[in-house]
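> take a look and give me a structure for this.
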Amino acid sequence: MWAYESVFYQIYPLGFCNAPFENDGVLTNRIGKVKDWIGHIKKLGCNAIYFSPVFDSDTHGYNTRDYTRIDPRLGTNEDFADVCKALHEEGIRVVLDGVFNHVGRGFWAFQDVLKNREASPYKDWFARIDFGGNSPYNDGLWYEGWEGNYDLVKLNQWNSEVREHIFSAVKGWVEEFDIDGLRLDVAYCLDPDFIRALRSYCNGLKEDFFLLGEMLHGDYNRLMGDDMLDSATNYECYKGLYSSFNSMNMFEVMYSLNRQFGSEQWTLYKGKHLLSFVDNHDVTRVASILQNENHLKLIYALLFGMPGIPCVYYGSEWGTKADKSQGDPALRASFEKPEWNDLTDYISRLAEVKKSSKALNFGSYRQVLLTNKQCILARETEGERIFVAINADENPYTAHFDAGCGQAEELLTGKVHDFGGGSELAPYSASFWKMEK
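Residues are numbered from 1 along each chain as shown. Purely as a prediction, here's the structure:
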């Protein structure tokens with residue numbers, strides 16, 4: 001699967017393109033801006049893009065009006081097809097947000113229900129409609145809103161016509177935009193049988209079609225497997241990553257990594273590839289959540305060194321700040337042009353190291369050394385072993401462990417590292433030591 005050897009770049013198009021929050025219906029080719037960033041994305045080392053919602057919606061993209069039409073605030077279907085073509089020509093895969101649990105109040109079929117009530121042929125497309133009740137919008141009927149949000153009308157995933165409509169739309173996305181995969185919004189709310197049916201359908205559309213699910217808590221294996229999702233969002237380690245640095249307690253994230261990828265029989269996700277991230281469109285930017293700016297490069301080093309598929313959120317690669325308390329629009333800002341600084345340069349080196357290493361893409365995971373402020377982990381395949389060493393302290397640290405050899409190449413600098421007499425880790429440093437086997 002191509003995704004397991006990729007580095008993702010996430011763009012939230014409506015924010016990225018500075019579209020108005022409310023859908024004004026004015027057709028404007030804003031999505032073409034992505035083409036201006038392709039050089040930056042390639043230089044950063046990313047070879048796949050995950051686009052948050054691009055389809056016609058009421059406001060923020062997750063309240064879909066029409067699965068077949070690009071949001072007019074972004075442009076036409078032809079405009080987006082042109083962007084996808086340009087990305088593919090530069091070797092960048094395209095993954096779209098599949099928002100299939102719910103739609104917006106402006107969704108055409110729900111509008112028909114509001115108008116025609118019991119006579120609507122679409123009344124069974126939605127979950128638990130009660131024509132004897134009422135909604136906060138005073139519709140004269142009640143319906144289920146996702147997590148109590150009545151601007152998000154829950155679909156009836158068990159209705160065959162709903163499935164056919166969604167699957168037909170996905171087929172159109174493959175034919176029109178040549179997409180390479182989907183990220184399923186709130187996958188944890190989707191019926192497992194729906195995901196199995198979608199998996200089977202997508203297998204017939206395109207080889208190696210990637211299915212990623214947004215999952216937060218619990219066992220990701222519930223929806224991840226050969227006949228379901230290829231991957232899930234690793235929210236467990238998302239929290240562990242920043243919390244370990246802020247509390248200077250590397251035991252937290254290493255506990256999660258051991259639980260997920262270690263060698264014990266009870267390990268949950270050994271051999272699987274979760275999508276890893278330090279921030280995204282729903283959470284505080286990492287540069288705002290870390291208490292010590294010296295940890296910013298280090299958290300990315302751990303992200304790229306641990307098992308998983310790393311994903312970088314647009315703007316965070318140069319240290320943009322934004323706090324969730326400011327509201328979602330603050331997290332989804334528009335930038336006139338990309339920036340490049342020491343952090344961006346560092347992430348680009350991490351991306352190249354990651355993509356060129358079988359051990360980092362597919363290797364086993366083993367904890368080698370752990371203190372409150374330092375950790376070393378090993379990634380290993382048959383022909384390659386890499387040690388990822390992190391020192392989150394302001395002081396140097398000498399690590400003593402059995403490396404199994406005398407010297408290694410430090411991949412970020414290209415220098416030779418000698419393990420003799422212990423390995424000194426500079427203050428606030430990360431090292432990737434590679435040994436051929």
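
> low-confidence bits of this structure, can you list those?
The chain contains residues with pLDDT under 70 at 437.

> which helices and strands does the longest helix seen in it pack with?
The helix spanning the most residues in the chain, taking DSSP state H as the definition, is helix 160-177. Applying 3 or more CB pairs under 8 Å, 6 or more residues apart in numbering; DSSP states H and E, we find helix 160-177 packed against strand 64-70, helix 77-89, strand 93-98, helix 192-203. Backbone N, C-alpha and C define where each C-beta goes, glycine included.

> okay, these in CSV with distance to Phe16 and mean neighbour count next?
Output for those, formatted as CSV (distance: least, CB to CB, whole Å; neighbours: other CB atoms under 10 Å):
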stretch, distance to Phe16, mean neighbour count
strand 64-70, 14, 19
helix 77-89, 12, 17
strand 93-98, 13, 23
helix 192-203, 26, 17
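
> which one of these lies nearest to Ser431?
Of all these, strand 93-98 sits nearest to Ser431, with 30.0 Å by CB to CB.

> now the helices for the chain?
13-16, 33-36, 38-44, 77-89, 108-116, 160-177, 192-203, 235-246, 251-261, 286-289, 296-305, 328-331, 342-355, 358-362.

> run the angle between the longest one and helix 77-89 for me.
Helix 160-177 and helix 77-89 meet at an angle of 60 degrees, taking axes from the mean of the first three to the mean of the last three CA atoms, to 10 degrees as the criterion.

> same check, this time on the fifth one
Relative orientation of helix 108-116 versus helix 77-89 (the same axes, to 10 degrees): 160 degrees.

> and the contacts of helix 108-116?
Helix 108-116 is contacted by residues 65-66, 103-105, 120-123, 125-126, 129, 139, 141, 153 when judged by CB atoms under 8 Å, 6 or more residues apart in numbering.

> same check on stretch 256-266?
Contacts of stretch 256-266 (CB under 8 Å, 6+ apart): 234, 236-237, 240, 267-270, 274, 306-307, 364-367, 377.

> what residues sit buried inside it?
256-262 (16 or more other CB atoms under 10 Å).

> so how far is it off the chain centroid?
22 Å (CA atoms, centre = their mean, to the nearest Å).

> same check on stretch 326-343?
Put simply, stretch 326-343 sits 17 Å off its chain's centre (CA atoms, centre = their mean).

> okay, how far is it across it, tip to tip?
From its first residue to its last, stretch 326-343 covers 24 Å (CA to CA, to the nearest Å).

> what do you get for stretch 67-76?
One end of stretch 67-76 sits 13 Å from the other (CA to CA).

> surely Leu155 meets Ala127?
Yes - the pair Leu155 and Ala127 passes the contact test of CB atoms under 8 Å, sitting 6.7 Å apart.

> out of those two, which sits in the more crowded spot?
Remark: of Leu155 and Ala127, Leu155 carries more neighbours, 27 against 18, as counted by other CB atoms under 10 Å.

> list the beta-bridge partners for the more buried one.
Beta bridges link Leu155 to Phe126, judged by DSSP bridges.

> residues contacting it?
Counting by CB under 8 Å, 6+ apart, Leu155 makes contact with 100-103, 125-127, 162.

> let's see it at 10 Å
Neighbouring residues of Leu155 by CB atoms under 10 Å, 6 or more residues apart in numbering: 64, 99-103, 107, 109-110, 125-127, 144, 146, 162-163, 165-166, 190, 194.

> now the buried members of the residues you listed.
Buried subset of the contacts of Leu155 (neighbour count, 16+ other CB under 10 Å): 64, 99-103, 107, 109-110, 125-127, 144, 146, 162-163, 165-166, 190, 194.

> quick revisit: anything in contact with each of Leu155 and Ala127?
Residues touching both Leu155 and Ala127 (CB under 10 Å, 6+ apart): 101-102, 144, 146.

> coming back round to it: any chance of the helices of the chain in JSON lines, plus distance to Ser316?
Output for these, formatted as JSON lines (distance: least, CB to CB, whole Å):
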{"stretch": "helix 13-16", "distance to Ser316": "13"}
{"stretch": "helix 33-36", "distance to Ser316": "17"}
{"stretch": "helix 38-44", "distance to Ser316": "11"}
{"stretch": "helix 77-89", "distance to Ser316": "20"}
{"stretch": "helix 108-116", "distance to Ser316": "35"}
{"stretch": "helix 160-177", "distance to Ser316": "26"}
{"stretch": "helix 192-203", "distance to Ser316": "29"}
{"stretch": "helix 235-246", "distance to Ser316": "12"}
{"stretch": "helix 251-261", "distance to Ser316": "18"}
{"stretch": "helix 286-289", "distance to Ser316": "6"}
{"stretch": "helix 296-305", "distance to Ser316": "9"}
{"stretch": "helix 328-331", "distance to Ser316": "10"}
{"stretch": "helix 342-355", "distance to Ser316": "9"}
{"stretch": "helix 358-362", "distance to Ser316": "21"}
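
> can you give me the strands in the stretch 301-437 of the chain?
Remark: strands assigned in the stretch 301-437 of the chain by DSSP state E, counting those that start in this stretch are 309-313, 364-370, 374-381, 384-391, 397-399, 407-410, 416-418, 423-425, 429-436.

> how far does the last one sit from its chain's centre?
The one in question is strand 429-436. For strand 429-436, the distance to the chain centre is 26 Å (CA atoms, centre = their mean).

> go on, the fourth one?
In terms of CA atoms, centre = their mean, the centre of strand 384-391 is set 24 Å apart from its chain centre.

> got the angle for it vs strand 374-381?
Between strand 384-391 and strand 374-381, the angle comes out at 170 degrees (the same axes, to 10 degrees).

> against which helices or strands is strand 384-391 packed?
helix 296-305, helix 358-362, strand 364-370, strand 374-381, strand 397-399, strand 407-410, strand 423-425, strand 429-436 (3 or more CB pairs under 10 Å, 6 or more residues apart in numbering; DSSP states H and E).
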